[in-house]
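Undergrad: Sequence plus the predicted model coming up.
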Amino acid sequence: MKTYINSATAISPQPTLGKPFQLTKPEGYETDYLKCVEPDYKEYINPTLIRRMGRVVKMGVAAAIQCLREAGVEKPDAIITGTGLGCIEDTESFLNEIIKNQEQFLPPTSFIQSTHNTIAGQIALLLKCNSYNHAYVHRCFSFENALLDSMMMLGEQSGIKVLLGGVDEITPTSFAILKRLGIYKSVLGSADIFTNKTAGGIAGEGASFFVLSGSPENAFATIDAVKTLYKPAAISETERTITEMLKQQGLGISDIDAVMMGYRSDVTSDELYDTLSQNIFADNNILYYKHLCGEYFTSSAFAVWAAANILKNNNCPDAMKLRYHDVAKFKHILVYNQYKNSEHSFVLLSAC
């Protein structure tokens, strides 16, 4: 069944929370990786509670509260989140305390706050929400599995509202480790990183939240389908998965007004996007987004947020256009993300 989006918010390396939908392409990067533009948390969280929260928890809570405000929902019927690394800053803090204290007299706070369900738990505590609460931790499928759970729940129970989120953070330590493994690279000062591609992707972070329902009332976009594919044997299997997914929705490739791809400036990873854009999507608009938010396990949540806003405003920011011709009316957008040709995900959105 169709899942309706009543509101969508994001904290990202762009000034997106509570602002008009307006994204700007960076002329150059001032840091090694992309960090979020964080709001004044006192507008969302009691100041006495802020100091006890890790940075990613504050981002998740603020984005969730703003999302609920925009939807006019006081308390959701379910809170479902996806995260790849969870509260990595608190995890690092706890591990440092183990070394510092030689595994003795360890303060429990960092350990308690380091679990992957801390973000969803804190949102529930602040809202006094005792309903269904679940966190998915499945690498690049984390947000997609949370979305699937949300859609199944809305299909089973009518009249409910689900708060869905995808949250991940980056720290200097995690960036250094993943850079050493060749997953990330420094982008400090880079202006043409997506033109002259090298090994490794651009690192980022973000918190994107949605209020979903099964009714078109007060909705501006729908999520029609979500599909995941693990380690396809050949690119033909990826193409077949896409065409079959669209066929199930009564659509063809030509019906898609734009395909939002997860280009991350990695010379190897982006080859697959190039191949698809030249073959199966040769006549479609191609958009990209990771130069704005960076690569992280739940970056597809930012892409879904951006796609939903394009459908809502019937306008695509110039910063996202990779290959583009004018569209009179945006009706269908396909979000496609893949990680090292291992985890592929597809989310189809439509205008209401």
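TA: The structure has been received and is ready for your questions. Numbers count the residues shown, from 1 in each chain.
Undergrad: give me the number of residues near Ala221?
TA: For Ala221, the neighbour count with other C-beta atoms under 10 Å is 25. Glycine gets a C-beta too; all of them are placed from N, C-alpha and C.
Undergrad: which residues does it bridge with?
TA: Beta bridges link Ala221 to Ile5, Ala351 when assigned by DSSP bridges.
Undergrad: next one: the one 4 residues further on
TA: With DSSP bridges as the criterion, Ala225 is bridged to Leu348.
Undergrad: Go ahead and confirm it touches Met245.
TA: Yes - assessed by C-beta atoms under 8 Å, Ala225 is found in contact with Met245 at 5.7 Å.
Undergrad: intersection of neighbour lists for those two?
TA: Common neighbours of Ala225 and Met245 (criterion: C-beta atoms under 8 Å, 6 or more residues apart in numbering): Phe346, Leu348.
Undergrad: Ile79: helix or strand, and which one exactly?
TA: strand 78-82 (DSSP states H and E).
Undergrad: Let's see that strand as PDB, backbone CA atoms only.
TA: Extracted as PDB, the C-alpha positions of strand 78-82 are listed here (Å, rounded to 0.1, in the frame of the first residue of the first chain):
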ATOM      1  CA  ALA A  78       5.300   4.300  16.800                       C
ATOM      2  CA  ILE A  79       8.900   5.400  16.700                       C
ATOM      3  CA  ILE A  80      11.100   3.500  14.200                       C
ATOM      4  CA  THR A  81      14.700   4.500  13.500                       C
ATOM      5  CA  GLY A  82      17.700   3.200  11.500                       C
END
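Undergrad: Can you name every helix or strand that that strand contacts?
TA: helix 118-127, strand 132-136, helix 142-156, strand 161-168 (3 or more C-beta pairs under 8 Å, 6 or more residues apart in numbering; DSSP states H and E).
Undergrad: any idea which of these is most buried?
TA: Comparing those by mean neighbour count (mean count of other C-beta atoms under 10 Å), strand 161-168 comes out on top with a mean of 29.
Undergrad: which secondary element of the protein has the worst mean pLDDT?
TA: Counting by mean pLDDT, DSSP states H and E, the chain has its least confident helix or strand at helix 109-112, which shows a mean of 70.
Undergrad: for that helix, packing partners?
TA: helix 88-100.
Undergrad: For the helix it packs on, which residues meet the burial criterion?
TA: Neighbour-count burial for helix 88-100, counted by 16 or more other C-beta atoms under 10 Å, picks out Ile88, Glu89, Asp90, Thr91, Glu92, Ser93, Phe94, Glu97.
Undergrad: If we only consider these, which is nearest to Ser269?
TA: Using C-beta to C-beta, Ile88 is the member of those that lies nearest Ser269, at 22.2 Å.
Undergrad: Just to check, that closest one is in contact with Pro172?
TA: No - the criterion here is C-beta under 8 Å, and Ile88 misses it with Pro172 at 10.9 Å.
Undergrad: How many residues are close by Leu292?
TA: By the criterion of other C-beta under 10 Å, Leu292 has 25 neighbours.
Undergrad: So in this protein, which helix runs the longest?
TA: Longest helix in the chain, counting residues (DSSP state H): helix 55-71.
Undergrad: Name the residues of that helix that come out as buried.
TA: Applying a neighbour-count criterion of 16+ other C-beta under 10 Å, the buried positions in helix 55-71 are 55-68, 71.
Undergrad: Kindly report the same for stretch 306-322.
TA: Those buried within stretch 306-322 under the rule 16+ other C-beta under 10 Å are Ala306, Ala307, Ala308, Asn309, Ile310, Leu311, Lys312, Cys316, Pro317, Ala319, Met320, Leu322.
Undergrad: can you check stretch 171-180 too?
TA: Going by 16+ other C-beta under 10 Å, stretch 171-180 has these buried residues: Thr171, Ser174, Phe175, Leu178, Lys179.
Undergrad: Can you dump the C-alpha atoms of the helix or strand encompassing the third one in PDB for me?
TA: With the criterion set as DSSP H and E, the secondary-structure element containing Phe175 is helix 172-180. What follows is helix 172-180, C-alpha atoms only, in PDB (Å, rounded to 0.1, in the frame of the first residue of the first chain):
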ATOM      1  CA  PRO A 172      37.500  12.500  14.000                       C
ATOM      2  CA  THR A 173      38.400   9.000  15.200                       C
ATOM      3  CA  SER A 174      35.900   7.100  13.100                       C
ATOM      4  CA  PHE A 175      36.800   9.200  10.100                       C
ATOM      5  CA  ALA A 176      40.600   8.500  10.600                       C
ATOM      6  CA  ILE A 177      39.900   4.700  10.900                       C
ATOM      7  CA  LEU A 178      37.600   4.600   7.800                       C
ATOM      8  CA  LYS A 179      40.000   6.800   5.800                       C
ATOM      9  CA  ARG A 180      42.800   4.300   6.600                       C
END
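Undergrad: so which strand or helix has Leu287?
TA: Using DSSP H and E, Leu287 sits in strand 285-288.
Undergrad: Next, work out how far apart Ala64 and His332 are.
TA: According to C-beta to C-beta, to the nearest Å, Ala64 and His332 sit 28 Å apart.
Undergrad: just Val37 next, same as before
TA: Taking C-beta to C-beta, one finds Val37 at 30 Å from His332.
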